[in-house]
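model the structure of this input:
(2 chains, ligands or ions: 2)
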Amino acid sequence: MIILKIENLKKFFGGVKAVNGVSIGIEEGEILGVIGPNGAGKTTFFNTICGVYKPDEGKIIFQGKEIQGLTSFQIARLGIARTFQIVKPFADMTVLDNVISAIGINRYKSIWGSFRNSRVIETVSKAKRLLETVELGGYEKEKAGALSLGYIKRLEIARALGINPKIIMLDEPCAGLSHDAIKDFIQLFKKLTIEGLTIMMVEHNMPTAMALCDRMIVLDYGEKIAEGKPKEIQGNEKVIEAYLGKEEEDA
Amino acid sequence: MYEVVVAINIGIFTILALSVNIITGYIGQPTLGHAAFFGIGAYASAILTGKYGVPFLLSLPLSGLIAGFIGALLGLASLRVRDDFLAITTIGTNFVVVAIFQYVPFFGASFGLSVSPAFIFGMKITYVGYLFLTIFLITLTVLFLRKLEKSWFGLAMGGIRNNEGAAGSIGIDIKKFKVVAFILGTAIAGIAGCIYAHYMTFISSVDFAFATSITILSMAMVGGSGTIRGPIMGAIVLGLAPEVFRFAMNYRMLIYGALLIFTMRFQPEGLLGERSLLWTNINKLFKKTYSNKETESGIKNDNS
Ligand SMILES: Nc1ncnc2c1ncn2[C@@H]1O[C@H](COP(=O)(O)OP(=O)(O)OP(=O)(O)O)[C@@H](O)[C@H]1O
Ligand SMILES: [Mg+2]
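Ligands and ions are numbered 1, 2, ... in the order given. Below you'll find the predicted structure:
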């Protein structure tokens, strides 16, 4: 079943066509990879779905409902969680509070309700469980800002899971991590999909994306140039061209 | 008697420092015009009790409501502007409010307003009475803030203070919480203003000028923003200093301003902030007694 459907999505920044008519359906429980060279529009694609930007054109349909134009907190409340390419921890708060704050997603709906105590046993133990899941068990009391990048990325995943999402959008979760940590993440993501979560992720590293994704789409200059199973993508001429072309420019 | 007067003053500024801290410390919005709401509460109560015969006990919450209502408008305005410009907007608000008190005859214009004495259950409040009332309100405020810190509201404010993008991504309605934080902070300042007006028995616009805003902010920031102990300590230390060092009285504003800048530059957490030098050392001193390895923290290496 398709959980999230994107139709002809466009987001322009002045003359820059960051996302230019992308369509894709995401199956429930799958891991969909979004790849493409630097500046291809991957992050903008995510930000537009998550309500950071309003799309210039196109539809975003989540569980049968059109959601384009909603703001990010409304989209989060529907069950779409995310992490950030440039990490955004609540730096001066403890690791535990970072996660607890996400578990409160439904408590923020009413001001009166939000005055209630957040440190109740169920909530705290749920937060601890999520921290265990991402192997941050021993760091509850640390300030999030004092963690290393790799640990902040784990924390962002725990925080995103805290909202009890149906779909989680990960923007380069493995970037900057060691080989071992990436292995951990791959296992974690697979486990999460078995539990019913749908994952959409930007991944730069081809081998990682190949190992992880059920399907992939490739963006280049804001447009979707390919879609398919990792094997199919690997041999796709347009994709090779997009990547190689960019690499030559970089060199 | 002199001690009581000093204590009431410090008490009122404690409430003010605690209230500005909701806006600057908890939810992280710069505000340099807090004295405006202190003034709105004071003038509101002076007029309600003086011109409309409203009893003091009713006027006390009403002045909070009125200040909070106007605070809501500032909160709404804050949604439209970014940090540095918001600071300027709040300064502007302070000047506009003071100008209204200064020039509109209804508010006594440049003559100021004399305030009718306050009665509780038919008894006129004495200086000692005001002291107890102030202490009572500080207690209420502290209890409220402690609840707030542990609440979902507190987490929402922390999220917004740290990163609005991330706060939105976990379902926090940033605009709503900002406006409510402004309402809470300004309403409490309004209540402080009500007490001030009746205890002074005379108010004029200069009492609530920009300099007062700086005093309030210095107390909160120097003490340690984002905490409860910080603004209390700040109000006591900065409130007592000019009494102790009489000769420095005339340079009070200069010293407060300098302290504020010094704090922001070298110890942004304030004296008693969570990770400030002083507070970490106080904590260490107490933790030594139960010394265990848990406190040996610091930046963890990335084993990932
Ligand atoms: N807020 C913005 N304002 C203007 N231009 C933007 C903005 N965000 C992105 N862009 C532009 O849109 C294009 C797509 O950027 P985006 O960050 O989405 O790419 P990306 O695929 O995520 O790249 P990377 O792999 O480097 O993360 C780029 O040309 C970028 O400069
Ligand atoms: Mg990106």
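
remind me which residues of chain A are low pLDDT?
Within chain A, the stretches with pLDDT under 70 are A:244-251.

repeat that for 90
Flagging of chain A using pLDDT under 90 yields the residue ranges A:1, A:15, A:37, A:174-184, A:203-211, A:226, A:230-251.

domain-wise, how is it divided?
A:1-79+A:165-245, A:90-162 (the TED database).

what of chain B?
B:1-273, B:276-303.

between those, which one is nearest to A:Pro165?
A:Pro165 sits nearest to domain B:1-273 of all these, at 10.0 Å, using Cβ to Cβ. From N, CA and C alone the C-beta is placed, and that goes for glycine too.

do that closest one and chain A meet at all?
Yes - judged by Cβ under 8 Å from any Cβ of the partner chain, domain B:1-273 comes into contact with chain A at B:147-148, B:150-156, B:158-159, B:161-163, B:165-174, B:176-177, B:180, B:226.

please identify the most buried of the domains of chain B.
Of all these, domain B:1-273 has the most neighbours on average by mean count of other Cβ atoms under 10 Å in any protein chain shown, namely a mean of 20.

roughly how far out does that one sit from the chain middle?
3 Å (Cα atoms, centre = their mean, to the nearest Å).

same check, this time on stretch A:93-107
For stretch A:93-107, the distance to the chain centre is 18 Å (Cα atoms, centre = their mean).

that one: which residues count as buried?
Using 16 or more other Cβ atoms under 10 Å in any protein chain shown as the burial criterion, the residues of stretch A:93-107 that qualify are A:93-105, A:107.

and the strands in the stretch 101-250 of chain A?
A:167-171, A:198-202, A:215-220, A:223-228 (DSSP state E, counting those that start in this stretch).

ah, wrong one, I meant chain B
Ranges of strands in chain B, per DSSP state E, are B:113-114, B:119-120, B:123-124, B:202-203.

tell me which of those strands sits nearest to ligand 1.
Closest approach to ligand 1 among the strands of chain B (Cβ to the nearest ligand atom): strand B:202-203, 48.7 Å.

avg pLDDT for that closest one?
Taken as a whole, strand B:202-203 has an average pLDDT of 92.

which neighbouring elements make contact with it?
helix B:34-52, strand B:113-114 (3 or more Cβ pairs under 8 Å, 6 or more residues apart in numbering or on different chains; DSSP states H and E).

lowest average confidence across these, which one?
strand B:113-114 (a mean of 86).

residue ranges with poor pLDDT in chain B?
Using pLDDT under 90, chain B drops low at B:1-3, B:5, B:30, B:50, B:77-88, B:101-127, B:221-226, B:237-304.

re the thing from before, could the domains of chain A be laid out in JSON lines, adding distance to B:Leu62?
Formatted as JSON lines, the domains of chain A follow (distance: least, Cβ to Cβ, whole Å):
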{"stretch": "domain A:1-79+A:165-245", "distance to B:Leu62": "33"}
{"stretch": "domain A:90-162", "distance to B:Leu62": "21"}
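
what's the most buried one of those domains?
Most buried of those, by mean neighbour count (mean count of other Cβ under 10 Å): domain A:90-162, with a mean of 20.

ok so, going back, which of the residues of domain B:1-273 next to chain A fall in helices?
B:147-148, B:150, B:152-156, B:158-159, B:161-162, B:165-169, B:174, B:176-177, B:180 (DSSP state H).

all helices of the chain, in order?
Defaulting to chain A. Using DSSP H, helices in chain A cover A:42-49, A:72-78, A:95-103, A:111-114, A:121-133, A:149-162, A:179-194, A:206-212, A:230-234, A:237-250.

ah, I was thinking of chain B
Applying DSSP H to chain B gives helices spanning B:2-21, B:34-52, B:56-78, B:83-103, B:127-150, B:152-162, B:164-169, B:174-200, B:210-223, B:229-244, B:252-266, B:277-287.

for these, which one sits closest to A:Phe12?
helix B:164-169 (20.6 Å).

quick check: B:Leu148 vs B:Pro231, distance?
14 Å (Cβ to Cβ, to the nearest Å).

nope, B:Lys124 is what I meant
Taking Cβ to Cβ, one finds B:Lys124 at 31 Å from B:Pro231.

show me the contacts for residue 219.
Chain wasn't specified; assuming chain A. Residues in contact with A:Leu219, defined by Cβ atoms under 8 Å, 6 or more residues apart in numbering or on different chains, are A:19, A:22, A:34-36, A:40-42, A:45, A:225.

wait, chain B
By Cβ under 8 Å, 6+ apart, the contact set of B:Met219 is B:13-14, B:16-17, B:231, B:234-235, B:238-239.

let me know the closest of those residues to B:Ile47.
Taking the contacts of B:Met219 together and measuring to B:Ile47 by Cβ to Cβ, the closest member is B:Leu16, at 20.5 Å.

unless I'm mixing things up, that closest one is touching B:Phe37, no?
No - if you go by Cβ atoms under 8 Å, B:Leu16 and B:Phe37 don't touch, sitting 9.1 Å apart.

give me the common contacts of those two.
Common neighbours of B:Leu16 and B:Phe37 (Cβ under 8 Å, 6+ apart) are B:Ala189.

for ligand 1, give me its nearest residue in the stretch 51-200 of chain B.
Proximity of the stretch 51-200 of chain B to ligand 1 (Cβ to the nearest ligand atom) peaks at B:Gly165, 11.7 Å away.

quick check: the closest residue to that residue other than its chain neighbours vs A:Gly25, distance?
Spatially, and ignoring its direct neighbours in sequence, B:Gly165 is nearest to A:Lys88 (5.6 Å; Cβ to Cβ, 6 or more residues apart in numbering or on different chains). Applying Cβ to Cβ, the value for A:Lys88 to A:Gly25 is 28 Å.

likewise A:Gly176?
Counting by Cβ to Cβ, the gap from A:Gly176 to A:Gly25 is 31 Å.

mind listing what residue 40 touches?
Let's take chain A. Counting by Cβ under 8 Å, 6+ apart, the residues that A:Ala40 touches are A:219-222, A:242.

was after chain B, sorry
Taking Cβ under 8 Å, 6+ apart, one finds B:63, B:66-67, B:70, B:97, B:186, B:190, B:193 in contact with B:Ile40.

could you redo the last one with a cut-off of 6 Å?
B:67, B:70, B:190 (Cβ atoms under 6 Å, 6 or more residues apart in numbering or on different chains).

for the nearest residue to it once chain neighbours are set aside, list the residues it contacts.
Of all residues not flanking B:Ile40 in the chain, B:Ala67 sits nearest, at 4.5 Å (Cβ to Cβ, 6+ apart). Taking Cβ under 6 Å, 6+ apart, we find B:Ala67 in contact with B:37, B:40-41, B:186-187, B:189-190.

can I get those in TSV including distance to B:Ile203?
What follows is these, written out as TSV (distance: Cβ to Cβ, whole Å):
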residue	distance to B:Ile203
B:Phe37	14
B:Ile40	11
B:Gly41	10
B:Thr186	18
B:Ala187	19
B:Ala189	14
B:Gly190	13
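
could you work out the most separated pair of the residues you listed?
Taking Cβ to Cβ as the measure, the contacts of B:Ala67 have their most distant pair in B:Ile40 and B:Ala187, spaced 10.0 Å apart.

which parts of the stretch 1-150 of chain A sit against chain B?
The interface of the stretch 1-150 of chain A toward chain B, taken as Cβ under 6 Å from any Cβ of the partner chain, is made up of A:72-73, A:76-77, A:82, A:88, A:90-91, A:93, A:101-102, A:104-105, A:107-108, A:111, A:114-115, A:117-119, A:146, A:148, A:150.
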